[in-house]
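>>> Fold the following.
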Amino acid sequence: MYDFAAKLETGLPYEEFLARYGTPEHRRRWQSLHEAVQLSLAQRELLAGFKRQMKILVLAGTWCGDCVNQCPIFDHFARQTSTLLIRYFDRDADGDLAREVQICGGARVPVAVFLSEDGMPVGWYGDRTLAKYRQMAVEQLGPSCPTGIGPPDLSLLQAVTQDWLNEFERVQLLLRLSSRLRRLHGD
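Numbering: from 1, shown residues only. Okay, here's the model as predicted:
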């Protein structure tokens, strides 16, 4: 079994990842999206209420448009709570991780691998969120696509941010309700 916990130790924090793997243009694009992300008060409060430590490996590429449009969201999440330890990995430099978390037979990015505080795998999620796939389906398959479209009152960035927050919350609740961790913490 792949040792995600050991791999986490070799990852880079957000800014260091961008500095190491991004060109000035890549960094400009990531910064532009970072500035556009705005968490609502409810989203900030939800993240501030996280109790369990979560370790997250993010496989990405600074050159990747999907990563540009999603990874800065994770940095916003991490700024709201000390319970998130997020480390970034370059898809091309970390081929072992890329092979382990393939989606549909390919090394897709971004992919977030969630671990418990003691390094146990909890799950992984990635490449694009439901909101993004809905938008792509409308654009590529036409308005009659049976999957529908996202809520009209949300921008795509807001919808993608919420999709990712839903996954982070799902993992947090899984950890909070884990009988193993509840015994460990006496809660």
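>>> how many other residues sit next to residue 80?
Burial measure for residue 80: 17 neighbouring residues, criterion other Cβ atoms under 10 Å. Backbone N, C-alpha and C define where each C-beta goes, glycine included.
>>> OK, contacts around the residue lying closest to it once chain neighbours are set aside?
Nearest residue to residue 80 in three dimensions, chain neighbours excluded: residue 47, at 3.8 Å (Cβ to Cβ, 6 or more residues apart in numbering). Residue 47 is in contact with 39, 77, 80, 81, 84, 165, 168, counting by Cβ atoms under 8 Å, 6 or more residues apart in numbering.
>>> Check the gap between residue 47 and residue 128 for me.
Separation of residue 47 from residue 128 (Cβ to Cβ, to the nearest Å): 22 Å.
>>> so where's this structure uncertain?
Confidence mapping of the chain against pLDDT under 70 gives the ranges 142-154.
>>> same for the host helix or strand of residue 86, what does it pack against?
Assigned by DSSP states H and E, residue 86 belongs to strand 84-90. When contacts are defined as 3 or more Cβ pairs under 8 Å, 6 or more residues apart in numbering; DSSP states H and E, strand 84-90 packs onto helix 4-8, helix 14-21, strand 54-60, helix 71-80.
>>> Show me what the helix ranked longest in the chain is packed against.
What stands out as the longest helix in the chain, according to DSSP state H, is helix 156-177. When contacts are defined as 3+ Cβ pairs under 8 Å, 6+ apart, helix 156-177 sits against helix 41-48, strand 54-60, helix 71-80, strand 111-115, strand 121-126, helix 130-141.
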